[in-house]
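Q: Starting from these lines, generate the structure:
(4 chains)
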Number of protein chains: 2
Amino acid sequence: MTKRVRLKDVAAAAGVSQGTASNVFNKPDLVTPQMRAAVEAAAERLGYRGPQAAARLLRSGKAGLVALLTDESAAELVQNSYGRRILAGAAQGCDAAGVGLSIVGRTAADGAAGWSVDTAIADGFVLYCFEGEDDIAGRIARRGLPFVTIDGPRGAGLGTVGVDDEGAAESVMAHLTGLGHRRIGALSLEVSRNADPGPLTGPFGARYRTPGLRLAGYARAHAAAGNAPADFLPFHTLSDERSVAMGLAWLFDRPDPPTAIAAMSDAIAMMAMAELRARGLSVPDDVSVAGFDGVTEGAYADPPLTTVIQPAEDKGLAALEMLLGTRPPADLILPTELIVRASTAAPRRMS
Amino acid sequence: MTKRVRLKDVAAAAGVSQGTASNVFNKPDLVTPQMRAAVEAAAERLGYRGPQAAARLLRSGKAGLVALLTDESAAELVQNSYGRRILAGAAQGCDAAGVGLSIVGRTAADGAAGWSVDTAIADGFVLYCFEGEDDIAGRIARRGLPFVTIDGPRGAGLGTVGVDDEGAAESVMAHLTGLGHRRIGALSLEVSRNADPGPLTGPFGARYRTPGLRLAGYARAHAAAGNAPADFLPFHTLSDERSVAMGLAWLFDRPDPPTAIAAMSDAIAMMAMAELRARGLSVPDDVSVAGFDGVTEGAYADPPLTTVIQPAEDKGLAALEMLLGTRPPADLILPTELIVRASTAAPRRMS
DNA sequence: ACACTCCTCTGAATCGGTTCAGAGCCGTAT
DNA sequence: ATACGGCTCTGAACCGATTCAGAGGAGTGT
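A: Residues are numbered from 1 along each chain as shown, chains lettered A, B, ... in the order given. As a prediction, this is how the structure comes out:
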């Protein structure tokens, strides 16, 4: 196997300087047509494979690639319908700017502490779904790369993108209490690393940021409607069928089950609806169910799901724009909207 | 702003050779603890940001990144539920191997002929959704990078991953004819670049590969059941609501509408079901609808969709494994499975 | 003719590591 | 003692482009 052909070889063969050869490939209009033809002919003749990306990158410093960094695995990000909306928004931003998007998740190959963060090739990062553990932000900053955080705390990055989680949760709960529900269960997202599923108690702020804020919002609106704290029944799930079923068992295998459930994601809500049906309970006749996120499937669920729509695509897009400098860096709060569909109704009158 | 600290500076400050300093960061066990400590201290003191990815890449040649290349934009890939299953599978393969995944789509910034293919940083490519135009395969091969094709023709790549599209289409059509349907419409995926929506005529092979094979399968099974070719009514859609509605208008605004529809994707099928409902037609009472792909939403559709399940995640995963050398390169045909749900039924008896 | 621009092309200096052959050094088997 | 194998560490070559100051030449205005 002969050696790889380099730009230098092409330049030599064409009888021009290496600088000119480089221009032929990168700034063709700076070169006379004949010179260009000569270089191209030489390249063709030698079987030159084009400028090597790595070398260009080393010299020019721009990878033309931004990375979406997530705490889950890359596969989970894509499978999760909220995550992939973020991804879609980010992809859109990349497309518009002509930069590539790479998604880097937590992989088995990186050791516990390891993370491709330190080695990933990118011009910038979007951090999604982080709780500030492992000081990822610090490590990126140390590399001197810019980053934007989605749904995370304010860090050393360029900016953040998020929604008013607490307010949105309040609006869902207010909708439920407004319908007349008093005793209300909540199915929470994961509240901390490696925590087991189970009933939850306050204070709710001391948790992973997003679930903490939403729980606080639920609790606040529940109380604001004049209900006793004991009638708010939050349960910690792992967003899987097993823990959702456990939560439902906890809520409904009791003498005084709730008449409504606030699920902290649409995915949880839909699993809950399926499980409730399996238990012989009808939604919304026996139990109202509200979700959170506004994934597309929710509209087609049976019954269509009441939820809070989050502008997930916009989050991804905005984060990317900030990163790319198209949008001024800031701590951006995007609006949410409560969408009332058929999965919630007034509680059946007690006989 | 002072100059960036380089490994060389760290080595000098620690009083060791550059090679040793390099080893501290890459092969720590080859270095004595004290030497390592000295280097680390120097790095800390100087504010060294760690080995720069680009430089490492240039010398070592491995980017630790594979690219999923698609003909659509990256955003479309993610939004499309079949595409994202492929992506999820690929992501899983990447996670397992500890390499990153970048998705590169057709972006506005790349000129008509341009494509990041020539410049994208990656150790290998997975080509998805290509029809062999623009000679993408050739361009990748020219760069000397390995690639695997999903749902595409056999190229110069390592291998291909696909399913028996024609056979799968036959099985759907056979299911429909088996129920007693004779006059059957088909809603096709895009059959060529920039073609307008409209009725389709044979021969069906002369089209984009996948749609061509499926159309051929439909037609073959339809004929095999003893039906007249004129009772097979294929229509070319663009996978959007407008063209699906046009197709349905073409099929049902006639004296002898079909009693069943074979949609070439679940997305098309679900749009068709919504449009049929808008037309006052009931599925499956008035019209049976079958899809293709087996996306998750299909199971929750109203009514649940009869379809052919394609192992999309497996496609992505298998492609990645071939690329990474974990699986022997080959032309792999993955199995499909017909899933009969409630959207298909025997045609209503003619009065 | 002269001065001055404008444009193209040259040449050499980076970019920041990784790698590898071999020099030193130390302990052990003969 | 002597030879030898095994570890560390050194030093310099090399990866393959991009970039930039400036040389040379052609064209333009006076």
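
Q: For the stretch 1-150 of chain A, which residues score under the pLDDT cut-off?
A: Scanning the stretch 1-150 of chain A for pLDDT under 70 picks out A:1-3, A:107-115, A:132-134.

Q: which parts of it sit against DNA strand D?
A: Residues of the stretch 1-150 of chain A lying close to DNA strand D by CB under 7 Å from any atom of the strand are A:3-8, A:18-19, A:21-23, A:25-26, A:50-52, A:54-56, A:58-60. (C-beta placed from N, C-alpha, C; glycine too.)

Q: hang on, isn't A:Ala260 packed against A:Val287?
A: Yes - the pair A:Ala260 and A:Val287 qualifies as a contact (CB atoms under 8 Å) at a distance of 6.5 Å.

Q: interface residues of chain A facing DNA strand C?
A: A:15-20, A:23, A:30-32, A:34-35, A:55, A:58-59.

Q: how much space between whichever residue of chain A sits closest to DNA strand C and A:Arg59?
A: Nearest residue of chain A to DNA strand C (CB to the nearest atom of the strand) works out as A:Gly19 at 2.4 Å. Taking CB to CB, to the nearest Å as the measure, A:Gly19 falls 12 Å from A:Arg59.

Q: for A:Gly138, same thing?
A: Plainly put, A:Gly138 is 28 Å away from A:Arg59 if you go by CB to CB.

Q: Repeat that for A:Val104.
A: 24 Å.

Q: what about these two, which has more around it?
A: It is A:Val104, of A:Val104 and A:Arg59, that has more neighbours when counted by other CB atoms under 10 Å in any protein chain shown, with 29 against 11.

Q: Is that one in contact with A:Ser116, as I believe?
A: Yes - the pair A:Val104 / A:Ser116 is scored as a contact, 5.0 Å apart, by CB under 8 Å.

Q: any shared contact partners between these two?
A: Residues touching both A:Val104 and A:Ser116 (CB atoms under 8 Å, 6 or more residues apart in numbering or on different chains) are B:Gly100.

Q: contact partners of stretch A:159-168?
A: Taking CB under 8 Å, 6+ apart as the rule, stretch A:159-168 contacts A:148-154, A:210, A:213-214, A:216-217, A:220, A:292, A:308, A:310-311, A:315, A:318-319, A:322, A:329-336, A:338.

Q: out of the residues you listed, which are inside helices?
A: A:Thr210, A:Leu213, A:Arg214, A:Ala216, A:Gly217, A:Arg220, A:Lys315, A:Ala318, A:Ala319, A:Met322 (DSSP state H).

Q: Counting neighbours, which of the residues you listed comes out on top?
A: Neighbour max across the ones in helices among the contacts of stretch A:159-168 (other CB under 10 Å) = A:Ala319, 34 neighbours.

Q: do you know how far it is from chain B?
A: 14 Å (CB to the nearest CB, to the nearest Å).

Q: again with A:Ala137
A: Taking CB to the nearest CB, one finds A:Ala137 at 15 Å from chain B.

Q: That residue: what's it in contact with?
A: A:Leu127, A:Phe130, A:Phe147, A:Thr149, A:Gly155, A:Ala156, A:Gly157.

Q: What subset of these is buried?
A: Among the contacts of A:Ala137, those scoring as buried are A:Leu127, A:Phe130, A:Phe147, A:Thr149, A:Gly155, A:Gly157 (criterion: 16 or more other CB atoms under 10 Å in any protein chain shown).

Q: For the stretch 201-350 of chain A, give me the ranges with low pLDDT.
A: Looking at the stretch 201-350 of chain A by pLDDT under 70, you get A:349-350.

Q: Near chain B, which residues of it are found?
A: A:Met270, A:Glu297, A:Tyr300, A:Ala301, A:Asp302 (CB under 8 Å from any CB of the partner chain).

Q: Restricted to helices, list these.
A: A:Met270, A:Glu297, A:Tyr300.

Q: who wins for neighbours among those residues?
A: The most crowded member of these, judged by other CB under 10 Å, is A:Met270 (23 neighbours).

Q: Okay, the residue nearest to that residue when sequence neighbours are not counted and A:Leu281: tell me how far apart.
A: In space, and not counting its chain neighbours, A:Met270 is closest to A:Ala301: 5.6 Å by CB to CB, 6 or more residues apart in numbering or on different chains. Using CB to CB, A:Ala301 is found at 16 Å from A:Leu281.

Q: which of these two has more neighbours?
A: A:Ala301 (24 against 16).

Q: wait, the more buried one sits on A:Met273?
A: Yes - using CB under 8 Å, A:Ala301 is in contact with A:Met273, at 6.7 Å.

Q: Now for these two: what residues contact both?
A: A:Ser343.

Q: quick one, what contacts the residue most central in space within chain A?
A: Closest to where the C-alpha atoms of chain A average out (CA atoms, centre = their mean) is A:Gly83, at 4.0 Å. A:Gly83 makes contacts with A:Thr70, A:Glu72, A:Glu76, A:Leu77, A:Tyr128, A:Cys129, as judged by CB under 8 Å, 6+ apart.

Q: May I ask which of the residues you listed has the most neighbours?
A: A:Tyr128 (27 neighbours).

Q: Return the distance of stretch A:160-167 from the chain's centre.
A: Distance, stretch centre to chain centre, for stretch A:160-167: 13 Å (CA atoms, centre = their mean, to the nearest Å).

Q: got the buried residues for it?
A: Here stretch A:160-167 shows A:Thr160, A:Val161, A:Gly162, A:Val163, A:Asp165, A:Glu166, A:Gly167 as buried, counting by 16+ other CB under 10 Å.

Q: Excluding residues flanking it in the chain, which one is nearest the fifth one?
A: It stands for A:Asp165. A:Leu213 (3.9 Å).

Q: Pretty sure that neighbour sits against A:Ala169.
A: Yes - with contacts counted by CB under 8 Å, A:Leu213 reaches A:Ala169, the gap being 7.1 Å.

Q: Tell me, how many residues neighbour the closest residue to A:Leu65 other than its chain neighbours?
A: Excluding the flanking residues, the one nearest A:Leu65 by CB to CB, 6+ apart is A:Gly100, at 4.4 Å. Per other CB under 10 Å, the neighbour tally for A:Gly100 reads 29.

Q: Check the spacing between A:Gly100 and DNA strand D real quick.
A: From A:Gly100 across to DNA strand D, the span is 17 Å (CB to the nearest atom of the strand, to the nearest Å).

Q: quick one: contacts for that residue?
A: Neighbours of A:Gly100 in contact, by CB under 8 Å, 6+ apart: A:Gly64, A:Leu65, A:Val66, A:Cys94, B:Ala67, B:Ser102, B:Ile103, B:Val104, B:Ser116, B:Ala120, B:Ile121.

Q: and the residue nearest to the last one when sequence neighbours are not counted, backbone torsions?
A: If the residues on either side of it in the chain are set aside, B:Ile121 comes closest to A:Ala53, at 4.6 Å by CB to CB, 6+ apart. Summarising the backbone geometry of A:Ala53 under the convention degrees, to the nearest 10, its torsions are phi -60, psi -40.

Q: Near A:Ala53, how many other residues are there?
A: 23.

Q: ok, now how distant is it from B:Val340?
A: 49 Å.

Q: Which elements pack onto the helix or strand harbouring A:Ile261?
A: Using DSSP states H and E, A:Ile261 falls within strand A:260-263. Secondary-structure packing of strand A:260-263 (3 or more CB pairs under 8 Å, 6 or more residues apart in numbering or on different chains; DSSP states H and E): helix A:165-178, strand A:184-188, helix A:266-278, strand A:288-290.
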